[in-house]
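> Got a sequence here, can you model it:
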Amino acid sequence: MSKKLLCLVVILTSLVLLVCGFNGATEENESRVAQIVPTIKSIEISVEKSTSDISSSTPIIIQENLRQNVNQFIRGMVTDVHSGNGIEVTVDGVPIEIVYHGVLIPQNDEKNFLRAKELNKFLVLGKEIDLDVVHKGDTSEGNEKSAFVFYGGEMINLRMLRSGFAILGDFQGESSRLIEFQNAQSQAEDMKLGIWEIDIKNSCGTLPCR
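Residues are numbered from 1 along each chain as shown. Modelled structure (predicted):
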């Protein structure tokens, strides 16, 4: 019996005693008691039912919330690395082309382009990663999916920007995450890492970047 129910029974019992006047149960008092007792039982059943309903529904709500959180990510194995921001991921036996969202690899410097690819291989090739897909695409037509890619608790998109082998591209997502991307690029630029050793702002304006 719950504490609330116990308190309610005590209160109702006190009312019974007041009605009886502490003078013994007369026929009239016995009749009143007989009317009150079913009420107590009815209240007890109602409270127990409500408690049972809450207990049974709570796990369902929790499970649904967990399911929604899990469904935000897709887990797959990286089977190939195409570039510093492009990989092939096998999900449930199906290969999917993934492009790192918000990350571009300038093509005007072949050396850095290859270094970006090698770093990407080192980070994810043959590893199981989590994908937060931004553009779902249609894999039946060979369209690429744009995603935030995670491995070992680290976002690989940010790692590529911090390395200096990539620059910030078109971005869709939370503003707080965009600020992270901007800070990562600024950090690489300040330290003159990778492509920031040259005047990338001018060269990428006239040469293709991806």
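> tell me which residues form a beta bridge with Ser154?
Slight slip there: residue 154 is Glu, not Ser. As for beta bridges, Glu154 partners with Tyr151 under DSSP bridges.
> And it, how far from Glu189?
For Glu154, the distance to Glu189 (Cβ to Cβ, to the nearest Å) stands at 21 Å. All C-beta atoms are positioned from the backbone trio N, CA, C, and that covers glycine.
> neighbour-wise, which of these two wins?
For the pair Glu154 and Glu189, the greater number of neighbours falls to Glu189 (17 against 11), based on other Cβ atoms under 10 Å.
> would you list every one of the strands in the protein?
Taking DSSP state E as the test, the strands found in the chain are 74-81, 86-91, 94-100, 103-104, 128-135, 145-151, 154-155, 167-168.
> quick one: strands adjacent to the first one?
Paired with strand 74-81 in the same sheet, following DSSP bridges, are strand 86-91 (antiparallel), strand 128-135 (antiparallel).
> any low-confidence regions in this structure?
By pLDDT under 70, the weakly predicted segments of the chain are 1-71, 136-143, 198-210.
> Would you state the helices of it in chain order?
In the chain, the segments counted as helices under DSSP state H are 3-20, 27-70, 110-124, 156-163, 175-190, 200-206.
> re earlier: I'd like the strands paired with strand 74-81 as JSON lines, with mean neighbour count and distance to Leu114 appended.
Output for the strands paired with strand 74-81, formatted as JSON lines (neighbours: other Cβ atoms under 10 Å; distance: least, Cβ to Cβ, whole Å):
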{"stretch": "strand 86-91", "mean neighbour count": "19", "distance to Leu114": "14"}
{"stretch": "strand 128-135", "mean neighbour count": "17", "distance to Leu114": "22"}
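> could those strands be laid out in TSV, adding distance to Leu178?
TSV is the format used below for those (distance: least, Cβ to Cβ, whole Å):
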stretch	distance to Leu178
strand 86-91	21
strand 128-135	12
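> Which among the ones you listed is found nearest to Phe148?
Of all the strands paired with strand 74-81, it is strand 128-135 that lies closest to Phe148, at 4.1 Å by Cβ to Cβ.
> Report the beta-bridge partner residues of the residue lying closest to Asn157 once chain neighbours are set aside.
Using Cβ to Cβ, 6 or more residues apart in numbering and skipping the chain neighbours, the partner closest in space to Asn157 is Tyr100 (4.7 Å). Beta bridges link Tyr100 to Ala147, judged by DSSP bridges.
> just checking, Tyr100 touches Leu161?
No: if you go by Cβ atoms under 8 Å, Tyr100 and Leu161 don't touch, sitting 9.3 Å apart.
> Between those two, which has more neighbouring residues?
More neighbours surround Leu161 than the other of Tyr100 and Leu161, with 31 against 26 (other Cβ under 10 Å).
> Kind regards, and thank you for your time.
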